[in-house]
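**Q** Generate a structure from the sequence data that follows.
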Amino acid sequence: MRTFIKFSLVIAALGLSTGIQAQNRDLDNYRQPDKRGVNVFESPKDTASTFDGVKVRVGGASTLQYQAFDHENATGATALIPIGNNFNLATANLDLDVALAKGVRMHLRTYLSSRHHPEPYVKGGYFQIDNLDFIKEGLLAETMKYVTINIGHMENNYGDAHFRRSDNAQAIYNPFVGNYIMDAFTTEVGAEVYFRKNGFISMIGATNGKLNQGANNPSATSPSVMAKLGYDKQFNTDLRFRITGSIYNSAYSARTYLYGGDRAGSRYYFVMEPTTATSSANYSSGLVNPGLTNKLTAIMINPFVKYKGFEFFGLFETVSGRKFAETDRRNFTQLGADLLYRFGKDENLYVAGRYNSVSGELDATQDIDVQRVSLGAGWFMTKNILAKVEYVNQTYDGYTPGSILDGGKFSGFVAEAVISF
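**A** Alright, predicted model coming up:
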């Protein structure tokens, strides 16, 4: 209730102070934050412009889960915290999207309440540039038909899985409740340049490699570089095919964040956590961080096929890296497959299954294998309201005898209600 009141007061205050009308505005080259944004990856690219002055779109999201999980580990392993069946913390986002000029848009997201930070804090913000008329009319007009530039402290575009994940309260794009086991997501200051033409997609980008910004320790972290290449084509009304390959490389870093950058937290509260766990401190329950904290190279390949109501999304990821104290690089592999069927002309109902596994060398003594099977279903009550339920079973193998994850397993149900606008 506290989160809902806080969310409502902020929205009301922004509306009063800026004179924004109650209805939301559709912006150019913008991924809609409702059902229309499902299976949209990079923001759309359209040379037509509706700009007729600065416009501010106030939006947001709120989610709530009810979970019923059991967990266990091997005899002699570190004791697990007792968990029961109940509601989790309600989470909320506030989004500001501003049309600043023809083909220029700003996005800013604030987590009003999240598992790791119950207090509000800014996730990040960036500019998206699809036209250079704001500098000089007609500047590079032919080139900008195909080019998009993103600049800011933003969610970096490594892989396609981050377009389908839950971003704190923004969970309407995710057909499941949980994200992938090895959750590639980070927000770093940088720039990305896209070229898209006739279905082909290319992107190159660079960041400063830091999640928490500061000018101190200037030589501790090198810039991180990213690239993506792919093809996305709607062949006819029934068939769409997309495939992309992405790479993210950090040559050296005081701490890499690609698999530890989600400060909002996991959806599976308290699973496989010790008796001293708290919701905020142990916010990554059920996830695997490979611990490649100082040098990291990650490659992800994502096929996507949608034929009528059937939908497949795949993930193959290989990651290598090490800590400074290690002499050899360690390697991890992640596999994922989502299979969905969306019912009816409007596809408001769906059923879904997911297989996800992570295997690799956690350290010299632990060659781990973590596997998850998820079954889910969802109902779009309106384009802004989604109710979904998921059954999940996750197992742990290869951990050191006596550790908390030795012989670990959790399973059960979680239901989630999402409002996004």
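**Q** E137: neighbour count?
**A** Residues lying near E137 (other Cβ atoms under 10 Å) number 10. All C-beta atoms are positioned from the backbone trio N, CA, C, and that covers glycine.
**Q** Specify the local secondary structure of it.
**A** E137 carries the three-state label coil when classified by DSSP: H, G, I helix; E, B strand; the rest coil.
**Q** Kindly report the same for A415.
**A** With three-state DSSP as the criterion, A415 reads strand.
**Q** how close does it sit to S359?
**A** 30 Å (Cβ to Cβ, to the nearest Å).
**Q** For this structure, give me the ranges with low pLDDT.
**A** 1-25 (pLDDT under 70).
**Q** can you map out the helices along it?
**A** 2-18, 141-144 (DSSP state H).
**Q** which of the residues in stretch 328-343 are buried?
**A** 330, 332, 334-336, 338, 340, 342 (16 or more other Cβ atoms under 10 Å).
**Q** Could you do stretch 189-206 as well?
**A** Going by 16+ other Cβ under 10 Å, stretch 189-206 has these buried residues: 189-190, 192, 194, 196, 201, 203, 205-206.
**Q** Next, format those residues as JSON lines and append distance to N93.
**A** Shown next, in JSON lines, are these (distance: Cβ to Cβ, whole Å):
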{"residue": "V189", "distance to N93": "20"}
{"residue": "G190", "distance to N93": "22"}
{"residue": "E192", "distance to N93": "22"}
{"residue": "Y194", "distance to N93": "25"}
{"residue": "R196", "distance to N93": "27"}
{"residue": "I201", "distance to N93": "27"}
{"residue": "M203", "distance to N93": "25"}
{"residue": "G205", "distance to N93": "24"}
{"residue": "A206", "distance to N93": "27"}
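**Q** Now the buried residues of stretch 328-343 in TSV, please, with extra columns for distance to A215.
**A** Formatted as TSV, these follow (distance: Cβ to Cβ, whole Å):
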residue	distance to A215
R330	31
F332	32
Q334	34
L335	40
G336	38
D338	41
L340	46
R342	48
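**Q** Out of those, the closest to S166 would be?
**A** Proximity of those to S166 (Cβ to Cβ) peaks at D338, which lies at 13.7 Å.
**Q** Look up how far P175 lies from the closest one.
**A** Taken as Cβ to Cβ, the span from D338 to P175 is 7 Å.
**Q** number of nearby residues for the nearest residue to L89 once chain neighbours are set aside?
**A** Distances taken as Cβ to Cβ, 6 or more residues apart in numbering place R115 nearest to L89, at 5.9 Å, with adjacent residues excluded. By other Cβ under 10 Å, the residues close to R115 number 23.
**Q** Distance check, R115 against D397.
**A** Counting by Cβ to Cβ, the gap from R115 to D397 is 27 Å.
**Q** Could you do N168 as well?
**A** 31 Å.
**Q** Excluding residues flanking it in the chain, which one is nearest D238?
**A** Nearest one to D238, counting by Cβ to Cβ, 6+ apart, is K308 at 5.1 Å.
**Q** what pairs with T110 across the strands?
**A** Taking DSSP bridges as the rule, T110 bridges to L94, V122.
**Q** roughly how far apart are it and H117?
**A** 11 Å.
**Q** coming back round to it: of N168 and D397, which one has the most company?
**A** N168 (25 against 15).
**Q** With adjacent residues omitted, what lies nearest to that one?
**A** A264 is the one closest to N168 (Cβ to Cβ, 6+ apart), at 3.8 Å.
**Q** What of A220?
**A** A254 (3.9 Å).
**Q** can you count the residues close to the one you found?
**A** The burial count for A254: 14, using other Cβ under 10 Å.
**Q** List the contacts of it.
**A** 217, 220-221, 294 (Cβ atoms under 8 Å, 6 or more residues apart in numbering).
**Q** can you do 10 Å?
**A** Counting by Cβ atoms under 10 Å, 6 or more residues apart in numbering, A254 touches 209-210, 217, 219-222, 293-294, 324.
**Q** among the residues you listed, who's most crowded?
**A** G209 (25 neighbours).
**Q** Please enumerate the strands of the stretch 101-250 of the chain.
**A** With strands called from DSSP state E, counting those that start in this stretch, the stretch 101-250 of the chain shows them at 104-113, 121-129, 147-155, 187-197, 200-207, 224-234, 239-250.
**Q** right, so of those, which gets closest to V38?
**A** Taking those one by one with Cβ to Cβ, strand 239-250 is closest: 12.3 Å.
**Q** which other helices and strands contact the closest one?
**A** In terms of contacts (3 or more Cβ pairs under 10 Å, 6 or more residues apart in numbering; DSSP states H and E), strand 239-250 is packed against strand 200-207, strand 224-234, strand 295-307, strand 310-322.
**Q** Starting from the first one, tell me which strands it pairs with and how they run.
**A** It refers to strand 200-207. Assessed with DSSP bridges, strand 200-207 is paired to strand 187-197 (antiparallel), strand 224-234 (antiparallel).
**Q** could I get these as JSON lines with distance to F87?
**A** As requested, the strands paired with strand 200-207 are exported to JSON lines (distance: least, Cβ to Cβ, whole Å):
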{"stretch": "strand 187-197", "distance to F87": "28"}
{"stretch": "strand 224-234", "distance to F87": "38"}
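**Q** who wins for proximity to N86 among those?
**A** strand 187-197 (30.5 Å).
**Q** Next, the angle strand 147-155 makes with that closest one.
**A** Put simply, strand 187-197 runs at 160 degrees to strand 147-155, going by axes from the mean of the first three to the mean of the last three Cα atoms, to 10 degrees.
**Q** Using CSV, write out every CA atom in strand 187-197.
**A** Taking C-alpha atoms only, strand 187-197 is exported to CSV below (Å, rounded to 0.1, in the frame of the first residue of the first chain):
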residue,chain,number,x,y,z
THR,A,187,23.4,0.0,-17.0
GLU,A,188,26.6,1.8,-17.9
VAL,A,189,27.4,5.2,-19.4
GLY,A,190,28.1,5.0,-23.0
ALA,A,191,26.9,5.2,-26.6
GLU,A,192,25.4,2.9,-29.2
VAL,A,193,25.2,3.4,-32.9
TYR,A,194,22.7,1.4,-35.0
PHE,A,195,22.4,0.8,-38.7
ARG,A,196,19.2,-0.9,-39.8
LYS,A,197,18.1,-1.5,-43.4
